[in-house]
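A.B. asks: here is my input, please return the structure:
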Amino acid sequence: MNTIHNKIEGDVRITETTQLNGMIVGETRVAAGAKLFLGGMVVGNVLLELDSAVELRGMVTGSVINDGGDLEIYGMVNGDVLRRAGKTNIHPNAVIQAGSLK
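C.D. replies: Numbering: from 1, shown residues only. Model (predicted):
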């Protein structure tokens, strides 16, 4: 498993199982077959590709867009949560600022 503790500026594509404890400033795309454990912060959007997975316990300042992955939200999303395909589960204590599941 890859672990990110620092701050990364720029768009990132996650291609393997990754634990984010730091910060990504840019769009974060999770590729097919990859899983992101998001305990830190993404300043931008998070996009799930087909057959990817995200467990969001931290914070996303943009929107989260599910294009066919497995999304679990326990933390905070300041934008929208868009489910175009895949499975999206928003837990009761999660906070979605801009709106509900679309």
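A.B. asks: any idea which residue sits dead centre in this structure?
C.D. replies: For the chain, the residue nearest the mean C-alpha position is Val46 (4.5 Å; CA atoms, centre = their mean).
A.B. asks: just list whatever residues bridge to it.
C.D. replies: Beta-bridge partners for Val46, by DSSP bridges, are Thr28, Val64.
A.B. asks: for stretch 23-33, which positions count as buried?
C.D. replies: Neighbour counts using 16 or more other CB atoms under 10 Å place 23-25, 27-31 of stretch 23-33 among the buried residues. Every C-beta, even on glycine, is put in place using the N, C-alpha and C of the backbone.
A.B. asks: sorry, wrong one. I was asking about stretch 58-76.
C.D. replies: So for stretch 58-76, counting by 16+ other CB under 10 Å, buried means 58-60, 62-67, 69-76.
A.B. asks: look up how far Met59 lies from Asn78.
C.D. replies: According to CB to CB, to the nearest Å, Asn78 stands 7 Å off from Met59.
A.B. asks: over to Ala31?
C.D. replies: Ala31 sits 22 Å away from Met59, taking CB to CB as the criterion.
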